[in-house]
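Student: coords please:
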Amino acid sequence: MAQRADSKGIQRRDFLKSAAVSAGLTILPASVARGSAANSKLELGIVGCGGRGPWIGKLFEENSETKVVAVHDYFRDRVTAAGDTFGVAPDRRYVGLDGYKELVASSLDAVAVISPPYFHPAQAVTALEAGKHLYLAKPIAVDVPGCMAIVDAAKKVEDKQTALVDFQTRNNEFFRGAAQRVHEGMIGDPVSGQFSYHCGRLGIKTPPGTEAARMRNWVFDKALSGDIIVEQNIHVLDVANWYLQGHPVKAYGTGGRKARTDVGDCWDHFLVTYWYPNDVLIDFSSGQFCEGYSDLCMRLFGSSGTVDSHYGGNVVIRGKSAGWRGGDTKDIYQQGAINNIHDFCASILDGKYLNNTQESANSTMTSILGRIAAYENRVVTWDEMVAANTRLDANLNLPADGPDQSA
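Tutor: All right, here's what the predicted structure looks like:
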C-alpha cells in the first residue's frame, strides 16, 4: 500500500500480499472484500465528485480490495452525495478549491483525481509528493507546463509509487492486438490516417452566467477543460500516437464555434492535419454537436494494409496478404476502466509500480498542439509549443459562498 512506516500500513500491506498469494490472485474477489476487515483494503480518496468520480469509486470498490475513505469536490452538495454513497465519515468530506490538500494529507493509500483537467497538475503533484499512489483521469493537464509537472513528479517516485492515467483503449484486448500487429508490420509502412471524434453535445449542468455555474459547466470552458480537442478528443489522438509509436512534429488546424453557442467558450468542431515522423500524415476532425451520427474512428493506412478501429465498435485489420479479425469493443468504456483498476491495485500489491505519465503527457500535448494550431490557424511545431511553455490561466473569481451554491 502507501509508503508509510506506521504499523497499520505495514499490516495492511502484509495482509493483502499474503491473501493474494493464498488465493492465487492479484486482486481479491468481491466476496472476500466484503468479509474482510476494513484495514485490509486499499484506502482511496476521490478528488472530483461530479459524474465520473463516484462512478470510478464504485468500480474500485466492486472490482478490487478498495474502500473509498475520503472525498473532495469544490461543491458541498457533490461531496455530501458522494460521501453518503460510500459511507465516508463527515470529517473526511472536503470542499472548496484547496480541500484536496486536506484529503491528500489524511491517512490513505491512493488518490483518484477525477476533477476538471485544469486542476490536475496541482492535485496530482500534491498527491505524489505526499507519498500517495495516483489514479488520474485523462487529459493530465490543459497546458504544457501542467503536463511536465506531473511527469517530473511521477518520475521522482516511480520506484515506490504508481501513477496510472486511465486510457481505456490502452487496456482493451482488441486495441492492444491491433497496436501489436501494426508494430509488427502487418499493414506495412504507415502512410496516412483518418482519426475522428464525432458525437452529440454534452448536457448543461446548470444555467450559465455565474462563476459557480462556470465550475458546474466546466466541460464547456476552454481553460478548465482544455477545449474539446484536449478533454474529449484525446482518446483518438492517443491511439494515433500509440499506433505510430511517437508524437507529431507539427500541426496545422482550423475549426470554430458555430452549432453550440449557448454555454461556455469552447469550440464545437476542429479540423487538424498532423505530421508525424517519416512523413506520415494524419487527418483529424471532431464535432461535439452532431445529430444522427456518432463515431470515434481511428483508421491508419499502410503500404500493405489498413487498421480500422472504433472506440465502442469493431477493431479489424485488412491487408493484401494478411489480416486480423479483431473484435467488438462495445464494453470498452467500463471494462477498460476496470482493467486499469485491476492493474493499478495489482501494481501496488506486487510492488511493481506503474508510470504511464510520459506517454499520457505526449498524447495530451498532441491535443494541445492541435488546439494551438487551430486557434492560431497556422502551422505550429512540437518544438515551438514546448519552448513557448504557455500556461492557461482560468482567471477564477469564485464567490465566498461558491461551495454552497447548488445546481
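Student: mind listing the helices for the stretch 201-350 of the chain?
Tutor: With DSSP state H, counting those that start in this stretch as the criterion, the stretch 201-350 of the chain has helices at 211-216, 222-225, 228-231, 234-244, 332-350.
Student: buried ones in the longest one?
Tutor: Taking 16 or more other CB atoms under 10 Å as the neighbour-count basis, helix 332-350 is seen to contain the buried residues 332, 335-349. C-beta coordinates here come from the backbone N, C-alpha and C atoms, glycine included.
Student: next, the buried residues of the helix or strand just after it.
Tutor: Moving toward the C-terminus from helix 332-350, the next helix or strand (DSSP states H and E) is helix 357-376. For helix 357-376, burial by neighbour count (16+ other CB under 10 Å) applies to 357, 359-375.
Student: got it, and stretch 119-139?
Tutor: 119-128, 130, 132-139.
Student: residue most distant from the centroid, this protein?
Tutor: Here the chain reaches farthest from its C-alpha mean at Ser321, the gap being 36.8 Å by CA atoms, centre = their mean.
Student: what residues does stretch 67-74 touch?
Tutor: The contact list for stretch 67-74 (CB atoms under 8 Å, 6 or more residues apart in numbering) reads 38, 41-50, 53, 57, 60-61, 79, 82-83, 86, 88-89, 92-97, 99-100, 102-103, 106, 108, 115, 215, 398, 402-403.
Student: separate out the buried members of these.
Tutor: 41-50, 53, 57, 60-61, 79, 82-83, 86, 88, 92-96, 99-100, 102-103, 106, 108, 115, 215, 398, 402-403.
Student: quick one: average pLDDT of stretch 66-74?
Tutor: In this model, stretch 66-74 has an average pLDDT of 98.
Student: okay, the helices of the stretch 201-350 of the chain in JSON lines with mean pLDDT and distance to Ala387 next?
Tutor: As requested, these are exported to JSON lines (pLDDT from 0 to 100; distance: least, CB to CB, whole Å):
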{"stretch": "helix 211-216", "mean pLDDT": "96", "distance to Ala387": "31"}
{"stretch": "helix 222-225", "mean pLDDT": "98", "distance to Ala387": "21"}
{"stretch": "helix 228-231", "mean pLDDT": "98", "distance to Ala387": "19"}
{"stretch": "helix 234-244", "mean pLDDT": "98", "distance to Ala387": "20"}
{"stretch": "helix 332-350", "mean pLDDT": "97", "distance to Ala387": "33"}
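Student: make CSV from these and add distance to Val191 to it.
Tutor: Below are the helices of the stretch 201-350 of the chain laid out as CSV (distance: least, CB to CB, whole Å):
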stretch, distance to Val191
helix 211-216, 43
helix 222-225, 33
helix 228-231, 24
helix 234-244, 11
helix 332-350, 27
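Student: for Asp393, find the nearest of these.
Tutor: Among the helices of the stretch 201-350 of the chain, helix 222-225 comes nearest to Asp393, with 6.8 Å by CB to CB.
Student: who touches that closest one?
Tutor: 116-118, 142, 214-215, 218-219, 231, 264-266, 392-395.
Student: so which of those residues is the closest to Asp189?
Tutor: The closest of the contacts of helix 222-225, once distances to Asp189 are taken by CB to CB, is Glu231, at 32.7 Å.
Student: now do the closest one against Ala137, distance only.
Tutor: According to CB to CB, to the nearest Å, Glu231 and Ala137 sit 10 Å apart.
Student: need the overlap of contacts for those two.
Tutor: Pro117.
Student: can you select the buried ones among the contacts of helix 222-225 for me in ChimeraX?
Tutor: In ChimeraX syntax, the buried subset of the contacts of helix 222-225 is picked out as below (16+ other CB under 10 Å):
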select :116,117,118,142,214,215,218,219,231,264,266,392,394
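Student: which of the contacts of helix 222-225 lies closest to Leu281?
Tutor: So of the contacts of helix 222-225, ranked by how close each gets to Leu281 (CB to CB), first place is Glu231, at 24.7 Å.
Student: chain neighbours aside, what residue packs nearest to that closest one?
Tutor: Ser225 (4.1 Å; CB to CB, 6 or more residues apart in numbering).
Student: ok, how many other residues are close to that neighbour?
Tutor: 22 (other CB atoms under 10 Å).
Student: check the gap between it and Cys266 for me.
Tutor: Distance from Ser225 to Cys266, by CB to CB: 7 Å.
Student: who touches both of those two?
Tutor: Common neighbours of Ser225 and Cys266 (CB under 8 Å, 6+ apart) are Val219.
Student: the nearest residue to Gly370 once chain neighbours are set aside pairs with what?
Tutor: Sequence neighbours aside, Val272 is the residue nearest to Gly370 in space, at 4.1 Å (criterion: CB to CB, 6+ apart). With DSSP bridges as the criterion, Val272 is bridged to Gly253, Phe284.
Student: ok, Val272 - contacts?
Tutor: Val272 neighbours (CB under 8 Å, 6+ apart): 229, 251-255, 284-285, 370, 373-374.
Student: nearest to Thr169 among the residues you listed?
Tutor: Nearest to Thr169 among the contacts of Val272, with distances taken as CB to CB, is Phe284, at 15.7 Å.
Student: list the contacts of the closest one.
Tutor: Phe284 sits in contact with 195-196, 233, 236-237, 240, 270-274, 370, where contact means CB under 8 Å, 6+ apart.
Student: now do the same contact list for Asn389.
Tutor: 144-145.
Student: nearest residue to Lys101 other than its sequence neighbours?
Tutor: Per CB to CB, 6+ apart, closest to Lys101 is Thr126, 6.2 Å.
Student: which elements pack onto the helix or strand where the one you found lies?
Tutor: Applying DSSP H and E as the criterion places Thr126 in helix 120-129. With contacts defined as 3 or more CB pairs under 8 Å, 6 or more residues apart in numbering; DSSP states H and E, the packing partners of helix 120-129 are helix 99-105, strand 110-113, strand 133-136, helix 144-156.
Student: go through the ones you listed and name the closest to Thr206.
Tutor: Comparing the helices and strands packed on helix 120-129 by CB to CB, helix 99-105 comes nearest, at 20.3 Å.
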